[in-house]
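> no sequence on this one, just coordinates:
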Ligand code: 0O2
């Protein structure tokens, strides 16, 4: 029994290590893209990169939520976000540019793509989500490992982290007035993205790979922006 438990612990540690290696691989890819852009175009489309490996507790919670078998092969197949990398870009065009640069690499297989920028969630959440599979080269050979990559702008990221805090604070049952505030804040964040992109285009030319005309930038709604700021302040300050 003791030997069996030790074996299970070792297998799980090895399993988690593969995800850490996969994150390291993706981070290397992102660093190379970032440096290349900086060198070739004197421009850095990436503001910030973060990564995380799901905790064993969080994996188990998802196993039970998705009702999949609690075995390593089943977890590998069904839980595709054990490894996560979040890339925060300056502008919307950059998010698509980075997604394309990453997913077009030969050793990257795209398992799933969700464009929540073109099709935001009903609460206003925006981001590009890609589940990719990359090979991790171990002493025993290559193992394909999935990584969830989220790509969004600074404004989208600000909104998502605020919404995340509010969602957890109310255990998912966000009061109606806060849900409305969040929807308005999402609109403010969208305006900010377009306005910043237009300002950037005026100074440096279009960001990203636009072929056609830029969409007309909406006028910034000061009141909406103020509400976004207010909401953020209230959430951060309340105990
Ligand atoms: P964490 O702690 O960030 O990892 P899934 O639940 O992943 O099996 P789903 O819902 O189809 O299936 O996945 P989706 O839509 O691709 O969302 C996965 C992740 O995106 C979430 O992971 C969040 O990180 C983020 N996300 C999705 N929707 C929202 C949202 O409305 N608000 C915020 N703030 N983030 C969102 P986890 O596992 O929920 O959490």
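Received it, and whenever you're ready, just let me know what you need. Here the structure is a predicted model, which means the values were calculated and not measured. Numbers count the residues shown, from 1 in each chain.
> tell me how far residue 176 lies from residue 205.
Applying Cβ to Cβ, to the nearest Å, the value for residue 176 to residue 205 is 44 Å. Placement of C-beta: from N, CA and C, glycine included.
> wait, I meant residue 198
From residue 198 across to residue 205, the span is 12 Å (Cβ to Cβ).
> the two: who's more crowded?
Using other Cβ atoms under 10 Å as the criterion, residue 198 and residue 205 rank with residue 198 on top: 18 against 9.
> the residue nearest to residue 133 when sequence neighbours are not counted: what's it in contact with?
Excluding its sequence neighbours, the residue lying closest to residue 133 (Cβ to Cβ, 6 or more residues apart in numbering) is residue 109, at 4.4 Å. Taking Cβ atoms under 8 Å, 6 or more residues apart in numbering as the contact definition, residue 109 lies against 132, 133, 134, 144.
> who's the third one bridged to?
It refers to residue 134. Under DSSP bridges, the beta-bridge partners of residue 134 are residue 145.
> does it touch residue 27 like I think?
No: between residue 134 and residue 27 there is no contact under Cβ atoms under 8 Å: 11.5 Å.
> more crowded one of the two?
The neighbour comparison of residue 134 against residue 27 (other Cβ under 10 Å) goes to residue 134, with 22 against 16.
> how close does that one sit to the ligand?
Relative to the ligand, residue 134 is positioned 18 Å away (Cβ to the nearest ligand atom, to the nearest Å).
> phi, psi for the residue nearest to residue 128 when sequence neighbours are not counted please.
Excluding the flanking residues, the one nearest residue 128 by Cβ to Cβ, 6+ apart is residue 151, at 4.3 Å. Backbone geometry at residue 151, expressed as degrees, to the nearest 10, gives phi -130, psi 130.
> residues contacting residue 151?
Shown in contact with residue 151 (Cβ under 8 Å, 6+ apart): 86, 87, 89, 95, 98, 99, 127, 128, 130.
> now intersect these with the strands, please.
Of the positions in the contacts of residue 151, 86, 87, 89, 128, 130 sit in strands, assigned by DSSP state E.
> so the fourth one sits against residue 114, correct?
Yes: between residue 128 and residue 114 there is a contact at 7.3 Å, judged by Cβ under 8 Å.
> quick one: the helix or strand containing residue 35 near the ligand?
Element membership for residue 35, per DSSP states H and E: helix 2-41. No: remark: helix 2-41 sits outside contact range of the ligand, by Cβ under 6 Å from any ligand atom, the gap being at least 12.9 Å.
> now do the buried residues in that helix.
Residues 15-16, 18-19, 21-23, 25-27, 29-30, 33-34, 37 are the ones in helix 2-41 that count as buried (16 or more other Cβ atoms under 10 Å).
> swap in stretch 51-68?
Within stretch 51-68, the residues that qualify as buried are 51, 53, 54, 59, 62, 63, counting by 16+ other Cβ under 10 Å.
> which non-adjacent residue is nearest the residue nearest in space to the middle of the chain?
By Cα atoms, centre = their mean, the mean C-alpha position of the chain lies nearest to residue 150, the distance being 2.1 Å. Leaving aside its sequence neighbours, residue 150 sits nearest to residue 86 (Cβ to Cβ, 6+ apart; 4.6 Å).
> would you point out the helix or strand in this protein whose mean pLDDT is lowest?
Least confident helix or strand of the chain, by mean pLDDT, DSSP states H and E, is helix 222-237 with a mean of 68.
> and the residue nearest to residue 150, how many neighbours?
Neighbours of residue 86 using other Cβ under 10 Å come to 17.
> and the gap between it and residue 148?
Distance, residue 86 to residue 148, by Cβ to Cβ: 9 Å.
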